[in-house]
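# from the sequence below, what's the structure:
(chains A and B)
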Amino acid sequence: DQQVKQNSPSLSVQEGRISILNCDYTNSMFDYFLWYKKYPAEGPTFLISISSIKDKNEDGRFTVFLNKSAKHLSLHIVPSQPGDSAVYFCAATPNAGGTSYGKLTFGQGTILTVHP
Amino acid sequence: EAGVTQSPTHLIKTRGQQVTLRCSPISGHTSVYWYQQALGLGLQFLLWYDEGEERNRGNFPPRFSGRQFPNYSSELNVNALELEDSALYLCASSLVGTNNEQFFGPGTRLTVL
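Numbers count the residues shown, from 1 in each chain, chains lettered A, B, ... in the order given. This is a model prediction of the structure:
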């Protein structure tokens, strides 16, 4: 049972344009969401997060949107740069308590390629 | 500020052997998490330690175990290695156990032959 899904395995975007990465979740206990960027053979790097009490969080070129009713979140990168090319993972974690406490549940990742 | 460090970087073992991976968290972080990223799969949660105690465990067999030391560093032990244990093992740390960003180390690449 995959509780966090990234349905697009890959995304290709032109430099300067917007990249939109999507993520869906099924567990209604999740209330904190994170995006990580990962290069091959390296650990994930934290990008941006959002709590379920918000519907938007912005940090420079990165904006995360959360639609709780649809159990959907997205990461917008504007403008996209070639250095953004990497695998992007969304992750979710619940409030205290329950079997998911303390762990991040990750999606399968989306490979973003930004062409010059 | 130093990030999460892991050792060794790479490791090659044969089936049936045992392995120990090590992790040092970011200074001030008390929680340490272990994840496995097998080829073609996403990151799977293994273990969470906080203040020296195991707080949560993923869906892995008991031959995966670990511990956290008083200085908050951690070890992951895998006994009776199987071919499918070949993966990138990632350690992360955070200030507390929930609703806080986890910061990852570079990982240990384990190959089981």
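
# find the closest residue to chain A in chain B.
B:Phe104 (3.5 Å; Cβ to the nearest Cβ). Heads up, the C-betas are built off the backbone N, CA and C, glycines and all.

# any idea what that residue is bridged to?
Following DSSP bridges, B:Phe104 is listed with bridge partners B:Ala92.

# got any ranges where chain A has weak pLDDT?
When residues are selected by pLDDT under 70, those of chain A lie in A:1, A:95-100.

# show me what from it comes close to chain B.
Within chain A, the residues that sit near chain B (Cβ under 8 Å from any Cβ of the partner chain) are A:31-32, A:34, A:36, A:41-46, A:49, A:51, A:89, A:91, A:93-96, A:99-109.

# ok, now with 7 Å
Residues of chain A lying close to chain B by Cβ under 7 Å from any Cβ of the partner chain are A:32, A:34, A:41-44, A:46, A:49, A:89, A:93, A:96, A:101-104, A:106-109.

# ok so, going back, so the residue of chain B closest to chain A makes contact with A:Tyr39?
No: counting by Cβ atoms under 7 Å, B:Phe104 stays clear of A:Tyr39, with 11.7 Å between them.

# between these two, which one's more packed in?
B:Phe104 (23 against 11; other Cβ atoms under 10 Å in any protein chain shown).

# show the contacting residues for whichever residue of chain A sits closest to chain B.
Nearest residue of chain A to chain B: A:Gly43, at 3.5 Å (Cβ to the nearest Cβ). By Cβ atoms under 7 Å, 6 or more residues apart in numbering or on different chains, A:Gly43 lies in contact with B:Leu90, B:Phe104, B:Gly105, B:Pro106, B:Gly107.

# which of the residues in the lowest-mean-pLDDT helix or strand in chain B are buried?
Using mean pLDDT, DSSP states H and E, strand B:53-57 stands out as the lowest-scoring helix or strand of chain B, at a mean of 91. Going by neighbour count (16 or more other Cβ atoms under 10 Å in any protein chain shown), the buried part of strand B:53-57 is B:Arg55, B:Asn56, B:Arg57.

# what's the closest of those to A:His115?
If you rank the buried residues of strand B:53-57 by distance to A:His115 using Cβ to Cβ, B:Asn56 comes first, at 41.2 Å.

# on that earlier part again, buried only: go through the residues of chain A next to chain B for me.
Buried among the residues of chain A next to chain B (16+ other Cβ under 10 Å): A:32, A:34, A:43-44, A:49, A:89, A:93, A:101-104, A:106-109.

# so which of the residues you listed sit within strands?
Of those, the ones assigned to strands by DSSP state E are A:Tyr32, A:Leu34, A:Ser49, A:Phe89, A:Thr93, A:Phe106.

# bridging residues for the fifth one?
Each beta-bridge partner of A:Thr93 is listed here, defined by DSSP bridges: A:Tyr32.

# hmm, it is touching A:Phe106, no?
No: under the criterion of Cβ under 7 Å, A:Thr93 makes no contact with A:Phe106, lying 10.3 Å away.

# for the chain, just list every one of the strands.
You didn't say which chain, so I picked chain A. Applying DSSP E to chain A gives strands spanning A:4-5, A:10-14, A:19-25, A:30-38, A:45-51, A:56-59, A:62-67, A:72-77, A:86-94, A:105-106, A:110-115.

# switch to chain B, that's the one I care about
Using DSSP E, the strands of chain B run over residues B:5-7, B:10-13, B:19-24, B:31-37, B:43-50, B:53-57, B:64-68, B:74-78, B:87-94, B:103-104, B:108-112.

# thank you, goodbye.
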